[in-house]
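J.: need coordinates for the following:
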Amino acid sequence: MPLDEESLGYEIIAWRIISSTKVSDRVERIVASLSQDAQVDEKAKLLYLTAHAKATTKLITVVEIAKRQLVLVGARCYQYTALSSQIVEIPRQKQTVDRTIKGDAHEVTSDPEDAAFEVMGQPGGDTKQRNVPIMKIYLSQKPVKELRAEYGEQRVT
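T.: Numbers count the residues shown, from 1 in each chain. Below is the predicted model of the structure:
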């Protein structure tokens, strides 16, 4: 579901969580963004956090710690969680063929030029396609009807 600030009436702030992201820094930014009261002329904030497969555990950690700190501050927070996937191309690992013949007393390494067979090239080229899961978590100060209808709502008070 594509989100735009015009249709929702929220200021959308997007952050991507990767494995090297510092948990404490990201938690501080989330708490600072969501604990501020929106001014009369200012739009409410909608944080959009994403993480790919290996970083989803860090994303969950960041969000849960931030929610606990928001409760201590007394700020309201609404969470919407979505799972999706994306097809990405990953480089193939080069296959090496061990051409060593082991004998009783010595090892003889055969020359690749003298091999009796030829290794076939990679079918499909140098890359392979993989379906990588993506987790998206939306955090907002106010409830978002469109996200509630699409993903369900978790209220933190």
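J.: from what I see, Y48 and K136 are in contact.
T.: Yes: in this structure, Y48 is within contact of K136 by CB atoms under 8 Å, at 6.9 Å. (Glycine included, C-beta is placed from N, CA and C.)
J.: show me what contacts the nearest residue to G125 once chain neighbours are set aside?
T.: Spatial nearest neighbour of G125, excluding adjacent residues (CB to CB, 6 or more residues apart in numbering): R92 at 7.9 Å. Counting by CB atoms under 8 Å, 6 or more residues apart in numbering, R92 makes contact with 122, 125-128.
J.: restricted to strands, list the residues you listed.
T.: 127-128 (DSSP state E).
J.: just the buried residues of the contacts of R92.
T.: Taking 16 or more other CB atoms under 10 Å as the criterion, nothing in the contacts of R92 is buried.
J.: out of the contacts of R92, which comes closest to T61?
T.: K128 (30.1 Å; CB to CB).
J.: now the closest one: how far from I90?
T.: Distance of K128 to I90, computed by CB to CB, to the nearest Å: 6 Å.
J.: same deal with A82?
T.: In terms of CB to CB, A82 sits 23 Å off from I90.
J.: with neighbour numbers in mind, choose between these two.
T.: Taking neighbours as other CB atoms under 10 Å, A82 and I90 compare with A82 leading, 15 against 10.
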